[in-house]
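In: Test case, fold it:
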Amino acid sequence: MDETRQRDREGTRRRILEAARHLFAELGYDQVTMRLLAAEAGANVALINRYFGSKRELFAEVLAMQGRFPGILDGPQEELPRRLAEYVADRLRSEHGSPVMAALIRSSNCLEIHEIIRDRVSSAILEPLAARLPGPDAAFRAAAATALITGTGTLRQLYGPDGVDAPDREAVVARLTAVFEACLGV
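Out: Numbers count the residues shown, from 1 in each chain. Next up, the predicted model:
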């Protein structure tokens, strides 16, 4: 395959992924059709199937675009509750919500992709967090913290960055740190 075709392929694939990320976040999985994806990406429906296999597989790839907590789980164990609190406080107050979180929220009732969503939350948040925690109930404590993290995304999605009358950032971080300390037992 010559270099021009390879670049066109990569560009088309990238456009499809960006269109899917935007549409899944805006409309949710059930409302997005392959034709709508193709139109948004300026691509042929057949190319979506060729590059991704199906809408379900494309959705899984969109979720995988957002990595794990970069750097949040790294560092001293005793500082983990504060790092998580800072992450949540910043996401809550962010002008730009996470398109992946929006896609999760808008698509969570779809049984066809329930397993994909569950696996993504497990691999991106729950399992890495549980692996960092000592003790026999680490999975439960990680699940409680994961509920707080994902619930914050839902709250942010529903109310926007100004929808919650929160005190200044440091007060929010202090309160959330106490909650994460209780969840994690750290």
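In: does R169 really touch S94, like I thought?
Out: No: between R169 and S94 there is no contact under C-beta atoms under 8 Å: 11.4 Å. The C-beta positions use only the backbone N, C-alpha and C, and glycine is treated the same way.
In: Helix or strand: which one has the closest residue to M101 other than its chain neighbours?
Out: Counting by C-beta to C-beta, 6 or more residues apart in numbering, G153 is the residue found nearest to M101 once chain neighbours are left out, at 3.8 Å. For G153, the host element (DSSP states H and E) is helix 138-159.
In: Can you check the distance spanned by stretch 103-113, start to finish?
Out: Terminal residues of stretch 103-113 lie 11 Å apart, using C-alpha to C-alpha, to the nearest Å.
In: Give the buried residues for the longest helix along the chain.
Out: Determined from DSSP state H, the single longest helix within the chain is helix 3-27. Within helix 3-27, the residues scored as buried using 16 or more other C-beta atoms under 10 Å are T12, R13, I16, L17, A19, A20, R21, H22, L23, F24, A25, L27.
In: got a list of contacts for that helix?
Out: If you take C-beta atoms under 8 Å, 6 or more residues apart in numbering as the criterion, helix 3-27 is touched by 1, 32, 36-37, 40-43, 47-48, 51-52, 58-59, 61-62, 65, 99-100, 102-103, 106-107.
In: Show me what the host helix or strand of I105 is in contact with.
Out: Per DSSP H and E, I105 falls inside helix 99-107. Here helix 99-107 makes contact (C-beta under 8 Å, 6+ apart) with 21-22, 24-30, 59, 62-63, 65-66, 113, 117, 120-121, 150, 153-154, 156-157.
In: switch the cut-off to 10 Å
Out: Residues from elsewhere that reach helix 99-107, judged by C-beta atoms under 10 Å, 6 or more residues apart in numbering: 18, 20-32, 59, 62-67, 91, 97-98, 113-114, 116-117, 120-121, 124, 149-150, 152-154, 156-158.
In: Show me which of those residues are buried.
Out: Among the contacts of helix 99-107, those classed as buried by 16+ other C-beta under 10 Å are 20-25, 27-29, 32, 59, 62-63, 66, 91, 97-98, 113, 116-117, 120-121, 124, 149-150, 152-153, 156-157.
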